[in-house]
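Asks: Generate a structure from the sequence data that follows.
(one chain, ligands or ions: 1)
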Amino acid sequence: MIKFEKVYKRYDDKAVVSDFTLNIKEGEFFVLIGPSGSGKTTTLKMINQLINLSEGYIRIQEKPISDFDLQELRWNIGYVLQQIALFPNMTVEENILIVPEMKKWSEEDMENRVIELLESVNMDPDKYRHRHISELSGGEQQRIGVIRALAADPDIILMDEPFSALDPITRNNLQKDVLKLQQKFKKTVVFVTHDMQEAISLGDRICLMNNGKIEQVGTANEILKNPANDFVRKFLQTGLPHYQEEKIVQHLIDGNYYSTTEIPANATISVADSVNDLIILLSKNEVVHVENSEDSSQIVITKNHLLDFLAYEATSSKEAEA
Ligand SMILES: Nc1ncnc2c1ncn2[C@@H]1O[C@H](COP(=O)(O)OP(=O)(O)OP(=O)(O)O)[C@@H](O)[C@H]1O
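Replies: Model prediction:
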């Protein structure tokens, strides 16, 4: 869907992104992570040509981005920033409809879209659509920022640390909203963060960058279990307080990372909130216990089930080593 081929970005002679080759798949939630200055934002902005690349190719659906009409390219790529770039003197509805209006959608389609999007993030359209942005909380504003990026139905959404200025609870709620939206509207999302917990909760795959280069790309499980090098190992140790590579007995529950002794007795994992690999592994190994059959998105795993699973995993990896 979005292919980077040997991409370089240089300022003067200094490369801030080098030899960057990557294929982001259609419908994927792809996270770029790395320390400050590692080139995440530069990489993101090269996709919608806010920054021009110095060498190499970026292709969207096989077509080099330089072949797109710039306006068309930007309209078809949603963009959400940390600094909420909403127009404060316009209403919620006016902000959401900026691109649909430029694209000359019909009044009826725009009306329906505003209602659909506000409802999708649990904001009552009657209550919110005519409010000014300045009359919303920071979290509500960022919700509008996210649905505005979706408004004209772009295939790709770029998100640059969209939640880093929010308090942890609002942030967690917005992460859940974004995952639900991505699943509902089936978009390809490229998401920049420097927070490993956020990367793990959200990403289908994660790309860890350092000095403009890729250190490792993989699912959360692949990276956690097999860090490619010392840099990745150290980054995980810094970003995840409980991370100890030698113990496989740590897993994600509700987007949080626990060592075995800390696993709550009745940990609840909801499918949308968790790392898919864990769910798949658990279901393959038949230790998943569906407690509430009325709500299939809620899977309740008791501590014993989880420990069974961990014991199974530890045994199988030892067998594999032997
Ligand atoms: N216009 C510019 N001219 C020169 N150097 C630049 C320019 N823009 C960015 N850089 C440099 O490119 C490097 C990568 O910057 P970038 O913003 O992509 O990093 P980042 O990983 O997103 O960092 P952060 O997490 O702090 O936002 C940095 O060293 C930065 O100083």
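Asks: So residue 70 sits against residue 49, correct?
Replies: Yes: counting by CB atoms under 8 Å, residue 70 touches residue 49, with 6.2 Å between them. (Each C-beta comes from the backbone N, C-alpha and C, glycine too.)
Asks: more crowded one of the two?
Replies: Set side by side, residue 70 and residue 49 show more neighbours around residue 49, with 16 against 11, by other CB atoms under 10 Å.
Asks: how about low-confidence regions in the chain?
Replies: For the chain, applying pLDDT under 70 flags the ranges 84, 240-322.
Asks: where exactly do the strands run in it?
Replies: For the chain, strands defined by DSSP state E occupy the ranges 2-11, 14-24, 29-33, 55-60, 63-64, 77-81, 156-160, 188-193, 205-210, 213-218, 250-253, 256-259, 268-270, 298-300.
Asks: Pipe these into a markdown table and attach mean neighbour count and distance to residue 176 per row.
Replies: Formatted as a markdown table, the strands of the chain follow (neighbours: other CB atoms under 10 Å; distance: least, CB to CB, whole Å):
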| stretch | mean neighbour count | distance to residue 176 |
| --- | --- | --- |
| strand 2-11 | 17 | 25 |
| strand 14-24 | 18 | 22 |
| strand 29-33 | 24 | 13 |
| strand 55-60 | 17 | 28 |
| strand 63-64 | 12 | 34 |
| strand 77-81 | 22 | 16 |
| strand 156-160 | 23 | 15 |
| strand 188-193 | 24 | 14 |
| strand 205-210 | 22 | 18 |
| strand 213-218 | 18 | 23 |
| strand 250-253 | 21 | 14 |
| strand 256-259 | 16 | 13 |
| strand 268-270 | 18 | 9 |
| strand 298-300 | 17 | 13 |
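Asks: Including distance to the ligand, could those go into CSV?
Replies: Putting those into CSV (distance: least, CB to the nearest ligand atom, whole Å) gives the following:
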stretch, distance to the ligand
strand 2-11, 4
strand 14-24, 3
strand 29-33, 8
strand 55-60, 15
strand 63-64, 21
strand 77-81, 11
strand 156-160, 8
strand 188-193, 6
strand 205-210, 7
strand 213-218, 12
strand 250-253, 23
strand 256-259, 21
strand 268-270, 30
strand 298-300, 34
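Asks: So for residue 126, which of these sits nearest?
Replies: Closest approach to residue 126 among the strands of the chain is made by strand 77-81 (24.9 Å; CB to CB).
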